[in-house]
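Enquirer: Build me a model:
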Amino acid sequence: MEMENNKDVTLSSLKHKILRLIDSATDTEMIHRLMQDMLPDPVYYRLNPILTDYSTIDETRPEKLEQMKQDAQIYLRKNDHKFRMAIEQLQKQRSYYQLLKDRINLQTKVYWPF
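Expert: Next up, the predicted model:
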């Protein structure tokens, strides 16, 4: 009987850990704060429109899709400066040092994938 209880506790603990891992991977606010703290200011941009209504990812009703389009257009107008700054950052040429670092990282992943 005690062996069964230990097995149940272990499975419950494993299930709890897996659920916590899934929660942390899908917690967009936590990831946002982490990225904001870790990356320098002109590098990380969060483009996150505020929607009038909550919708699921598989929403197909035409009126809901139209509302989402309107919400996105409003967001684009209000945050034009964010998009321009992000575009500017993306168009910058990488320095020789950054290119060398990229090459080393790529080679490392090719030869030592684990």
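Enquirer: tell me the domain ranges of this protein?
Expert: Split into domains by automatic domain parsing, the chain comes to 1-38, 41-114.
Enquirer: Check these for me: which has the lowest mean pLDDT.
Expert: In terms of average pLDDT, domain 1-38 trails the rest of the domains of the chain, at a mean of 74.
Enquirer: Tabulate the domains of the chain in a markdown table, adding columns for mean neighbour count.
Expert: C-beta: built from backbone N, CA, C; applies to glycine. Formatted as a markdown table, the domains of the chain follow (neighbours: other C-beta atoms under 10 Å):
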| stretch | mean neighbour count |
| --- | --- |
| domain 1-38 | 10 |
| domain 41-114 | 11 |
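Enquirer: Run through the helices of the chain in chain order.
Expert: 2-26, 28-38, 62-78, 80-91, 96-111 (DSSP state H).
Enquirer: With residue 55 as the reference, name the closest of those helices.
Expert: helix 62-78 (5.5 Å; C-beta to C-beta).
Enquirer: what angle do the closest one and helix 80-91 make?
Expert: Counting by axes from the mean of the first three to the mean of the last three C-alpha atoms, to 10 degrees, helix 62-78 lies at 80 degrees to helix 80-91.
Enquirer: quick one: helix 62-78 to chain centroid distance?
Expert: 21 Å (C-alpha atoms, centre = their mean, to the nearest Å).
Enquirer: do stretch 52-61 as well
Expert: 19 Å.
Enquirer: which outside residues touch that stretch?
Expert: 64-65, 67-68, 70-71 (C-beta atoms under 8 Å, 6 or more residues apart in numbering).
Enquirer: Please repeat the previous calculation with a cut-off of 10 Å.
Expert: Identification of contacts with stretch 52-61 by C-beta atoms under 10 Å, 6 or more residues apart in numbering yields 64-65, 67-68, 70-71, 74.
Enquirer: Export those residues as a markdown table, with columns for distance to residue 51.
Expert: Formatted as a markdown table, those follow (distance: C-beta to C-beta, whole Å):
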| residue | distance to residue 51 |
| --- | --- |
| 64 | 10 |
| 65 | 12 |
| 67 | 8 |
| 68 | 6 |
| 70 | 10 |
| 71 | 5 |
| 74 | 10 |
